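Trainee: Take this sequence and fold it.
(2 chains)
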Amino acid sequence: MRRRKFLKYCTGVLSSLYALLLAVPALGFLFSTLKRGQQKKEAYKLAKLNELEPDVPQRFTIIDQRVDAWTKYPSGPIGSVWISKSKNETVTAFSSTCPHLGCVVDYVPGEKEYFCPCHAATFQADGDMVSGPQPRGMDQLKTSIKNIRGEKWVVVEFQKFETGIAEKVPIN
Amino acid sequence: MLAEKIKAWVDERTGYKNFLHAIFLLNFPTKRRSRWQYIWGGALVLMMLVEIVTGTLLMTVYSPSEAAAWGSVHYIETQVDLGWLVRGLHHYTAHMMIVAIIVQIFLVILSAGYRKPKEFIYWTSLLLGGVIVGLTITGNPLPWDQKGYWSYQIETGIAGTMPGIGSTLRSLVVGGSEFGNLTLTRLYTIHVIVLPVIAILLFTIHMALIRRERLRTAKIKEASDDPDVDFELDEDDPVKDEITQPYWPYQTTRTLILALVLLGLVVIQLMVYPEIKNKHVDVGVLDWEADLKASEIKLEAPADSSIPFVARPEWFVRFLFELRHMVPKELEVLVTAVLPVLLLAILVLVPFYEKVLGEKWGQRFAIFVYVGGFLIIAGISWWGIKTERSAPNYALNRTQEIAYAARASWLASQNGVPPEGPASLLRNDPKSMGPIIFARHCGICHTWNGHDGTGHYLMEMKEGKKVKATPRASDLAKFATTDWISEFLMDPKANKFFGHLGTTKGGDAILNGDMADWADSNVGTEGVLSKEDIEAVAALLAREAKRRDYEPVSDEVIKRGISVFSGINFKDKAGKVIDFDGYCAQCHAMKAGDPEDEGGGAAPDLNGYGSEQWLSSFIRNPAAEKFYGEKNVMPGFEESKISQHDLNLLVKWMREEWQRPTPEK
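Mentor: Below is the predicted model:
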């Protein structure tokens, strides 16, 4: 019965080979999404500095082309940011995405607070937490001032962050 | 051993060993002799498993809609890791399965596997083969490229000619009378649910029948018994000498070897075939240069009924397609309905031949019919492919198709697929649409490097023979380049330019008009103008076009051109300033060559000559005052004849302006 044992061994080896032939492309195929979608931080010119009212945050929509797998969409809204200017002309920008579960955060002028309508997350004007279920303050975005044809423009580096965790981790 | 203990513990409570043995036929009795003959069925099962796994993977990306199908398959091929391998395995294994089915049925007939009591085993295997053919036919159009689209047109067309149920069947499968989104969703449903479920049901019945047949002759021992003895046969069992070995591990090893060899062939094929499949045509015939290497073209161009493609069916239904062309229209139904049914009947009825002819001659007849039928079908298919490839325009048409495929893939990689669908990649591309628009609107009179833009020639009947038609107007390839203009100025009456205008009513006024007189008196050895003068004025004129292939010339040449155009400061061949009465500005307006603003007027305005603007307004209305005016013989192409979109594409193509790879620095 040694022949029989040998053949059993052969069947084992050959079926592993067969399984490998299927498993390798299958895993590569399924996990290839991990590599993808590494969007680079894109800077957007959003507002003229002198047109911003001091201490009143304003929401600006980010318009850009969007690629979804094989489809490339023409320019359209891909997100929005809150921009505010202090009296001494420093500009801060927050992502309008709530760090709790990703709803869009509003600004309540009377209270001078940001307020997320989904689960009542409340933030101070400087982005710190006031009350609510959110794990961290609002996500601040890098800003810079650029001189374009004699006018000062606010440029914001738009980025998305993971929601629901205490650390500010960019997606991808 | 702990593992053994666990196994025993689980087995006591589940009986899984017997279950596995039952499912995988582990102790299934098999014939000892000619064992290599009985492994094709098992290999088919293993290949089907590959199809199921790769198919499921493809389902995670593929999207069945007109706007998304092509893009998602292109995405699989170019973006997803190992996507080319998964799709290649899925595609080529399917074709390998059809080959295996052809072999398997032959072997079954050879070993009389249809003989009583195995008729139903045989019939279920035939049905399974049919389902697999159905899976291949419904799978190929899913990428919604030209090849899949057109071959499915043919296949549903064949189905539609069936008497009685044909048209209903066709619209049921197509989802209406026209191909569209519903065709794809239906195809997809049939391909991923309906046929696989039928196949699994048939397979279950098939295996149950095989078990029953074997168990009838052999008493299979329980798996927990002596591991070296799998079954016992009665002493008086007629097959006692033949059946001695269990399926596992004897047949499993062989089956796996065959399956791996076949899959190895599939892998070799999927790596090598794309490279060689277009070797028989010389890519790049005429102006159809492809943007990608043949091996990088994974898909034909996106399905588009307005872009030419020669429809070809899959190789295994090719013979029906060829036969359909061989018979007169009234007999078509013979080929599309009667013949397939007859072929099926021949196969299905094999068990009954023996009733009539006796076992020996019944089997011989079955083998004869099968092999004969196979050879005839193979012959017809081979002949069909050969005739197609030797057809006069085959190389040209195929080159055009490959160029479109390459262009679409390249554009999709560069720009992504727009939301409205992949067809717009080519429809908005001057390089792809220009030739077609030119052939449709301009090619009746004009030529492009001698042909109609697409490489074809306008034909006409002359003395009962079909001959290349004589063009009626000028050849427009490289229009408004320095070379084209100089050539024209040297001899406006040449065949390439005004030569054939005389055949058109009123054309003589241009053919033998002022331009011809001008050339007669000023050009050539007798004339005042030297070759350099002509080239200088041609360069000056070509500058107006702002073509991308314009090579700037020195200021000196431009000055010389202006002197010819305006007659100011004109120097003759000896270099002496003379009074030149053949200057262009007398008749033609062009600010760049006319410092004294004479303004022309009698002949076409040359301001911006050959530019997008100039060409567009000229094509729209060549009879305008600033162009040919009363002398005009060319029909105007208003919005109703050619849309602004098409006109832009045409003009851009004539000027060779289209998206190109950025040259590497």
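
Trainee: CA atoms for contacts and neighbours, from now on please.
Mentor: Fine.

Trainee: Kindly report the residues of chain A close to chain B.
Mentor: Chain A comes close to chain B at residues A:1, A:4, A:7-8, A:10-11, A:14-15, A:18, A:22, A:25-26, A:28-30, A:32-33, A:67, A:69-74, as judged by C-alpha under 8 Å from any C-alpha of the partner chain.

Trainee: one more time with 6 Å
Mentor: Residues of chain A lying close to chain B by C-alpha under 6 Å from any C-alpha of the partner chain are A:7-8, A:11, A:25, A:28-29, A:32, A:70-73.

Trainee: next one: the lengthiest strand in chain A to chain centre, how far?
Mentor: The longest strand of chain A (DSSP state E) is strand A:71-85. Between the centre of strand A:71-85 and the centre of its host chain there is 12 Å, according to C-alpha atoms, centre = their mean, to the nearest Å.

Trainee: now B:Ser432: how far from B:Leu425?
Mentor: Counting by C-alpha to C-alpha, to the nearest Å, the gap from B:Ser432 to B:Leu425 is 9 Å.

Trainee: all strands for chain A, in order.
Mentor: Applying DSSP E to chain A gives strands spanning A:42-48, A:58-68, A:71-85, A:91-95, A:106-108, A:113-116, A:121-124, A:129-131, A:140-141, A:143-148, A:151-158.

Trainee: Which one of those strands lies nearest to B:Gly176?
Mentor: Closest approach to B:Gly176 among these (C-alpha to C-alpha): strand A:71-85, 27.4 Å.

Trainee: Give the buried residues for that closest one.
Mentor: For strand A:71-85, a neighbour-count test (16 or more other C-alpha atoms under 10 Å in any protein chain shown) marks A:71-73, A:79-85 as buried.

Trainee: Now render the residues you listed as TSV, adding distance to B:Val174 and pLDDT.
Mentor: Shown next, in TSV, are these (distance: C-alpha to C-alpha, whole Å; pLDDT from 0 to 100):
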residue	distance to B:Val174	pLDDT
A:Thr71	26	90
A:Lys72	29	89
A:Tyr73	29	90
A:Gly79	41	88
A:Ser80	44	92
A:Val81	48	93
A:Trp82	51	93
A:Ile83	54	93
A:Ser84	57	90
A:Lys85	61	89
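
Trainee: B:Ala408 versus B:Asp646, what's the distance?
Mentor: 18 Å.

Trainee: what do you get for B:Thr54?
Mentor: 26 Å.

Trainee: Same check on B:Val53?
Mentor: Taking C-alpha to C-alpha, one finds B:Val53 at 29 Å from B:Ala408.

Trainee: Contacts for the one helix or strand B:His74 maps to, please.
Mentor: Taking DSSP states H and E as the criterion, B:His74 maps to helix B:69-78. Residues from elsewhere that reach helix B:69-78, judged by C-alpha atoms under 6 Å, 6 or more residues apart in numbering or on different chains: A:70, B:62-63, B:83-84, B:143-144.

Trainee: Compute the number of surrounding residues for the spatially closest residue to B:Lys505 that is not a sequence neighbour.
Mentor: Of all residues not flanking B:Lys505 in the chain, B:Val633 sits nearest, at 7.3 Å (C-alpha to C-alpha, 6 or more residues apart in numbering or on different chains). If you count neighbours by other C-alpha atoms under 10 Å in any protein chain shown, B:Val633 ends up with 19.

Trainee: distance of B:Val633 from chain A?
Mentor: For B:Val633, the distance to chain A (C-alpha to the nearest C-alpha, to the nearest Å) stands at 44 Å.

Trainee: Need the pLDDT of that residue.
Mentor: B:Val633 is assigned a pLDDT of 89 by the prediction.

Trainee: got the phi/psi numbers for it?
Mentor: Backbone torsions for B:Val633, taken as degrees, to the nearest 10, come to phi -120, psi -10.

Trainee: Of the contacts of helix B:69-78, just say which sits nearest to A:Gly164.
Mentor: The closest of those, once distances to A:Gly164 are taken by C-alpha to C-alpha, is A:Trp70, at 29.5 Å.

Trainee: Test for you: state the pLDDT assigned to that closest one.
Mentor: 89.

Trainee: Could you pull up the contacting residues of it?
Mentor: Taking C-alpha under 6 Å, 6+ apart, one finds B:71-72, B:75, B:417 in contact with A:Trp70.

Trainee: possible to save those residues as a markdown table with neighbour count and pLDDT?
Mentor: Output for the contacts of A:Trp70, formatted as a markdown table (neighbours: other C-alpha atoms under 10 Å in any protein chain shown; pLDDT from 0 to 100):
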| residue | neighbour count | pLDDT |
| --- | --- | --- |
| B:Gly71 | 31 | 95 |
| B:Ser72 | 23 | 96 |
| B:Tyr75 | 22 | 94 |
| B:Val417 | 30 | 93 |
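
Trainee: TSV for those, including distance to B:Ile346?
Mentor: Listed next are the contacts of A:Trp70 as TSV, based on distance: C-alpha to C-alpha, whole Å:
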residue	distance to B:Ile346
B:Gly71	43
B:Ser72	42
B:Tyr75	44
B:Val417	49
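
Trainee: Among the residues you listed, find me the one that's closest to B:Gly582.
Mentor: Nearest to B:Gly582 among the contacts of A:Trp70, with distances taken as C-alpha to C-alpha, is B:Val417, at 54.7 Å.

Trainee: Run a quick check on the closest one versus A:Ala69, I expect a contact.
Mentor: No: assessed by C-alpha atoms under 6 Å, B:Val417 is found out of contact with A:Ala69, at 9.4 Å.

Trainee: what do the two both touch?
Mentor: Residues touching both B:Val417 and A:Ala69 (C-alpha under 6 Å, 6+ apart): none.

Trainee: Just give me how far the longest helix along chain B sits from the chain centre.
Mentor: For chain B, the longest helix by residue count, based on DSSP state H, is helix B:359-390. Remark: helix B:359-390 is offset 28 Å from the chain centroid, using C-alpha atoms, centre = their mean.

Trainee: do stretch A:67-86 as well
Mentor: Counting by C-alpha atoms, centre = their mean, stretch A:67-86 comes out at 10 Å from the chain centroid.

Trainee: Now do the end-to-end distance for stretch A:85-93.
Mentor: 9 Å.

Trainee: Can you list the buried residues in that stretch?
Mentor: Those would be A:85, A:91-93, for stretch A:85-93 by 16+ other C-alpha under 10 Å.

Trainee: Nearest to chain B, out of these: which one, please.
Mentor: Nearest to chain B among those: A:Ala93, at 31.6 Å, using C-alpha to the nearest C-alpha.

Trainee: what sits against that closest one?
Mentor: A:Ala93 neighbours (C-alpha under 6 Å, 6+ apart): A:82-83, A:140-141.

Trainee: could you redo the last one with a cut-off of 7 Å?
Mentor: By C-alpha atoms under 7 Å, 6 or more residues apart in numbering or on different chains, A:Ala93 lies in contact with A:81-84, A:140-141, A:143.

Trainee: Not counting sequence-adjacent ones, nearest residue to it?
Mentor: A:Ile83 (4.4 Å).

Trainee: Same check on B:Cys587?
Mentor: Closest to B:Cys587 by C-alpha to C-alpha, 6+ apart is B:Gly600, at 4.0 Å.

Trainee: helix, strand or coil for the one you found?
Mentor: Three-state call for B:Gly600 (DSSP: H, G, I helix; E, B strand; the rest coil): coil.

Trainee: Hmm, it is touching B:Tyr583, no?
Mentor: No: the pair B:Gly600 / B:Tyr583 is not scored as a contact, 10.4 Å apart, by C-alpha atoms under 7 Å.
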